[in-house]
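In: model this:
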Amino acid sequence: MPVPAAAVFERLKTFAAVDTTQDRESRAITEVFSGNALGSVPVGTAADVEAAVARARVAQAEWAARSPKDRAEVLERYRALVVENREYLMDVVQAETGKARWAAQEEIMGLMFAARYFARVAPKLLESHGVPGAFPLLNRASVRAVPKGVVGVIAPWNYPMLLSVGDSIPALLAGNAVVVKPDSQTPYSSLANAELFARAGLPRDLFAVVTGPGTVVGTAITDACDYLMFTGSSATGRTLAEQCGRRLIGFSAELGGKNPMIVTRGANLDKAAKAAVRACFSNAGQLCISIERMYVEKAVVDEFTKKFVAAVKDAKLGAGYDFSTDVGSLISESQLETVTKHVADAVSKGAKVLAGGNPRPDLGPLFFEPTVLSEVTDAMECGRNETFGPLVSIYPVENVNEAVTRANDTEYGLNASVWAGSKSEGEQIALRLHAGTVNVDEGYAPAWGTTGAPMGGMGISGVGRRHGPDGLLKFTEPQTVVVTRFMNLDAPSFLPQDKWQPLLMTLARTFRFLPGR
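Out: Numbering: from 1, shown residues only. Have a look, this model is predicted:
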């Protein structure tokens, strides 16, 4: 399919929550494959954020008054629109990011999974429930989930639909409004979904997309929201966490990763080598949960390396709005520069290039070959630092214990992959790894797609979790309401304190045997 027409991007621009009644600066957005212009979006200001948050608060009060079931029905209609418009949405995200179409489809599937899961579980998770009171019969206690209010979402460029809208879905279902700052390189992915939300019946001010630079728009959102969700680098996550801490508001983040794969001597090497291409080079390696380190037992390292390198060399690198390519483009000059520098630094210090290693300007301005290195050491830039590009290193290890030790020897702890001789052996290895998600006999997608289970990082790879019940309830405040009946804790008029207080103690000792105490 061709890149969407200019008129499409002009229409999407109208869904930005930015005041365009006055002359204002705009930012040009380019098609990554070619460098040609797609259109432009207005550059938002702190005043735009302030106005969007004010409108969102009004809309949120009405939205929160609706039942979770009613809210879920709106999100189900949105999910149906995603399915109906999936080809168009993939075109938009490919144009902005340059990823291969199968990686773009991952985003669409992620939106479908998130909308379906949270719409299904939200009514039950959000309903008020009773708990035993301090003094049964005298006290009736209940707990309810209260929306935070306005949730801020600062989204990255690498999965710009899934990581802006996917996090907004549970926040909306919990009864909140959402104000999103998309990355400046990929605003149309969020705006396309803002249009679908509106078509599904979501009040327009409830999901506001403010386009503009992070230093302005992101800071303003952090200063105004009641809860912040962020996906990006660990360094930026620390800064935002500090800002949220000063305001004493909640904060959740998925941050960087230097994710390991372990391959044991009993693994099916053909399957492992083929799947590892996806695990390492989805979105040209620009994925927080992609694999950058491979620890392979020496007994099979030569055979695995041969099979993996062959699979990497067979992967088709190129541009295309169809499923004919395996690896797409990097998104920017800065990403291309980082990958180029990491490879050059490693080679200059003794690493060997087994596959790739070169930019491909013949294919487009930002293409870089899927690259496999060996003999990488910690003295090299790519040894311990996240490359966030199409670069993976293979390390031979004596045994599984060494593989686990080296896999865990990192500040990060986001995702891991294990390939072993049996499912049970793989699962036992997984339990020893310091990572928020571990995939046995796969790279990253099954754990990510299991929306009923929490997903997030350990170490400097994140705070909090997305997905699962936690991914919804984090956008709420639990409120306890206790109703005292018959009599309160004051001594009855006919009993003095020296008689009443021992009686209270006796009751307290008796109640400890009751269920739930």
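In: pretty sure residue 110 contacts residue 444?
Out: No: look at residue 110 against residue 444 with Cβ atoms under 8 Å: they stay out of range, at 11.9 Å. The way it works is simple: take the backbone N, C-alpha and C, and place the C-beta from them, glycine included.
In: Tell me which of those two has more neighbours.
Out: Between residue 110 and residue 444, counted using other Cβ atoms under 10 Å, the more crowded position is residue 444 (27 against 22).
In: Skipping adjacent residues, who's closest to the more buried one in space?
Out: residue 289 (4.3 Å; Cβ to Cβ, 6 or more residues apart in numbering).
In: give me the element residue 293 is part of.
Out: strand 291-297 (DSSP states H and E).
In: Now do that strand: distance to the chain's middle.
Out: 23 Å (Cα atoms, centre = their mean, to the nearest Å).
In: average pLDDT for that strand?
Out: Across strand 291-297, the average pLDDT comes to 98.
In: same question, stretch 328-346
Out: 98.
In: Could you pull out the buried residues of that stretch?
Out: 328-332, 335-336, 338-340, 342-343, 346 (16 or more other Cβ atoms under 10 Å).
In: quick check, nearest of those to residue 122?
Out: residue 331 (33.4 Å; Cβ to Cβ).
In: where's that closest one relative to residue 160, distance?
Out: 10 Å (Cβ to Cβ, to the nearest Å).
In: cool, and residue 91?
Out: In terms of Cβ to Cβ, residue 91 sits 13 Å off from residue 160.
In: Over to residue 4?
Out: From residue 4 to residue 160 the distance is 15 Å (Cβ to Cβ).
In: What ranges in this structure fall below the confidence cut-off?
Out: Low-confidence segments of the chain (pLDDT under 70): 1, 512-517.
In: Point to the residue nearest the middle of it.
Out: Note on the chain: the residue nearest the mean C-alpha position is residue 163, at 5.0 Å, using Cα atoms, centre = their mean.
In: That one and residue 154 touch, don't they?
Out: No: assessed by Cβ under 8 Å, residue 163 is found out of contact with residue 154, at 9.7 Å.
In: Which residues are in contact with each of the two?
Out: Overlap between the contact sets of residue 163 and residue 154, as judged by Cβ atoms under 8 Å, 6 or more residues apart in numbering, is given by residue 231.
In: My guess is residue 371 contacts residue 390. True?
Out: Yes: with contact defined as Cβ under 8 Å, residue 371 reaches residue 390; the gap is 5.8 Å.
In: which of the two has more neighbours?
Out: residue 390 (29 against 26).
In: mind listing what the more buried one touches?
Out: 280, 281, 284, 285, 327, 330, 339, 356, 368, 369, 370, 371.
In: Who are the contact partners of the second one?
Out: Counting by Cβ under 8 Å, 6+ apart, residue 281 touches 290, 312, 315, 326, 327, 370, 390.
In: Check the fifth one too.
Out: For residue 327, the contacting residues are 100, 281, 284, 315, 316, 317, 318, 370, 390, by Cβ under 8 Å, 6+ apart.
In: ok, of these, which come out buried?
Out: Looks like the contacts of residue 327 have 100, 281, 284, 315, 317, 318, 370, 390 buried, using 16+ other Cβ under 10 Å.
In: Not counting sequence-adjacent ones, nearest residue to the fourth one?
Out: The one in question is residue 315. Here the residue nearest residue 315, using Cβ to Cβ, 6+ apart, is residue 326, at 4.1 Å.
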